[in-house]
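**Q** Got a predicted structure plus its sequence, pasted below:
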There are 2 protein chains.
Amino acid sequence: MNIESDKQQFRMTRQRKVILEELRKVTSHPTADQVYEMVRKRLPRISLATVYRNLETLSAAGEVLKLEVSGTQRRYDGDTSEHHHARCAMCGSVIDIPAKAFPMPKIPSEAIEGFDISGYRLELTGLCQDCRTTKAV
Amino acid sequence: MNIESDKQQFRMTRQRKVILEELRKVTSHPTADQVYEMVRKRLPRISLATVYRNLETLSAAGEVLKLEVSGTQRRYDGDTSEHHHARCAMCGSVIDIPAKAFPMPKIPSEAIEGFDISGYRLELTGLCQDCRTTKAV
DNA sequence: GTCTCTGCAAAATGTTTGCACTCAT
DNA sequence: ATGAGTGCAAACATTTTGCAGAGAC
């Protein structure tokens, strides 16, 4: 096997570049179709399938995070640094929580009950500021 | 409005009873169609829609938990006591982790960055015993 | 008898895939 | 020039819903 064989395989297409740029711009954790709408303003002929494929590719490459939060739709995050997510029970929006605002216990190095833990995913729930100040429903 | 008006509205139909019984029997966090298969052995004519409707009703009533774990399908848990879940990265199975095996920090009473936290959902990831002992893939 | 619940089928939702063409390398 | 990437449409998987009839209360 060639030493060069594991070089960059991804082609930075216009679509991929714009998707990544738009995702990096926002902190709103958009769904695939929200990304589609954002990107469509710059590339009107892009298809939703391309958005899905690129979000998959970019998350596999570690450029964006694929979030598995509550709700029916998957969400994507352009910020790959360590942080938690909080989801508003009322409006469903997802905001970032800095890791140090809610420090997690260390993962035990020994297996818990036969399960070897390597990581965790924490989703906080509650009410966002908007929904709290607009309590009157 | 009548003082009696908020009495029990749920009818304990045969279908609902069997679904609850089957879910209480297992610790495997089955998906809706797995529940369907379990229940079908006792009620061959039940429909998948009825299973979905009853899982919804039972979770709204607090009798079972509707889990929002990673993956494409929703899972249900007949055990409503406090515990975490760990999902095997290899086979996708979900097991229970007792709350005291992985104690969580207290939720700060003050809002974090404008977000009023009321709860959390923790999903541990790693390898289950089966997949660890069968490392050779 | 009333009104919730059921089974069935059809619809809705979110995501993935096959294919011929395009374009980054 | 090559093959990864694209747009389109169609397929797919999961969940929800409309409706007429059944059954719990």
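**A** Alright, I've got the coordinates.

**Q** And stretch A:88-97, end to end?
**A** Separation of the first and last residues of stretch A:88-97 by Cα to Cα, to the nearest Å is 12 Å.

**Q** can you give me the offset of stretch A:72-91 from its chain's centre?
**A** Chain-centre distance of stretch A:72-91: 6 Å, with Cα atoms, centre = their mean, to the nearest Å.

**Q** buried ones in that stretch?
**A** A:75, A:76, A:77, A:78, A:83, A:84, A:85, A:86, A:87, A:88 (16 or more other Cβ atoms under 10 Å in any protein chain shown). To be clear about C-beta, it is placed using only N, CA and C from the backbone, and glycine gets the same treatment.

**Q** Who are the contact partners of the closest residue to the fifth one other than its chain neighbours?
**A** The reference is to residue A:83. Nearest residue to residue A:83, sequence neighbours excluded (Cβ to Cβ, 6 or more residues apart in numbering or on different chains): residue A:96, at 4.9 Å. By Cβ atoms under 8 Å, 6 or more residues apart in numbering or on different chains, the contact list for residue A:96 reads A:27, A:79, A:83, A:84, A:85, A:86.

**Q** Which helix or strand contains residue A:96?
**A** According to DSSP states H and E, residue A:96 maps onto strand A:94-98.

**Q** do that strand and DNA strand C meet?
**A** No. On the criterion Cβ under 7 Å from any atom of the strand, strand A:94-98 is out of touch with DNA strand C, staying 13.6 Å away.

**Q** Just the buried residues of the following helix or strand past that strand, please?
**A** Downstream of strand A:94-98, the first helix or strand assigned by DSSP H and E is strand A:116-127. Buried residues in strand A:116-127, counting neighbours by 16+ other Cβ under 10 Å, are found at A:116, A:117, A:120, A:121, A:122, A:123, A:124, A:125, A:126, A:127.

**Q** So which of the residues you listed reach chain B?
**A** Restricting these to those within reach of chain B (Cβ under 8 Å from any Cβ of the partner chain) leaves A:116, A:117, A:120, A:121, A:122, A:123, A:124, A:125, A:126, A:127.

**Q** For chain A, just list every one of the strands.
**A** A:65-67, A:75-77, A:83-88, A:94-98, A:116-127 (DSSP state E).

**Q** how about CSV for these, with mean pLDDT added?
**A** As requested, the strands of chain A are exported to CSV (pLDDT from 0 to 100):
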stretch, mean pLDDT
strand A:65-67, 93
strand A:75-77, 95
strand A:83-88, 89
strand A:94-98, 88
strand A:116-127, 87
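
**Q** Surely residue A:124 is in contact with residue A:83?
**A** No. Using Cβ atoms under 8 Å, residue A:124 is not in contact with residue A:83, being 11.0 Å away.

**Q** any common contacting residues for those two?
**A** With Cβ under 8 Å, 6+ apart as the test, residue A:124 and residue A:83 both reach residue A:97.

**Q** Compute the number of surrounding residues for residue A:103.
**A** For residue A:103, the count of nearby residues is 9 (other Cβ atoms under 10 Å in any protein chain shown).

**Q** any idea how far it is from residue A:122?
**A** 11 Å (Cβ to Cβ, to the nearest Å).

**Q** just residue A:92 next, same as before
**A** Counting by Cβ to Cβ, the gap from residue A:92 to residue A:122 is 18 Å.

**Q** show me what contacts residue A:86?
**A** Going by Cβ under 8 Å, 6+ apart, residue A:86 touches A:94, A:95, A:96, A:97, A:123, A:124, A:125, A:126, A:128, B:112, B:115, B:117.

**Q** Quick check: bridge partners of it?
**A** Listed beta-bridge partners, residue A:86: residue A:95, residue A:124 (assigned using DSSP bridges).

**Q** and of the buried residues of strand A:116-127, the nearest to residue A:57?
**A** Closest approach to residue A:57 among the buried residues of strand A:116-127 (Cβ to Cβ): residue A:121, at 21.5 Å.
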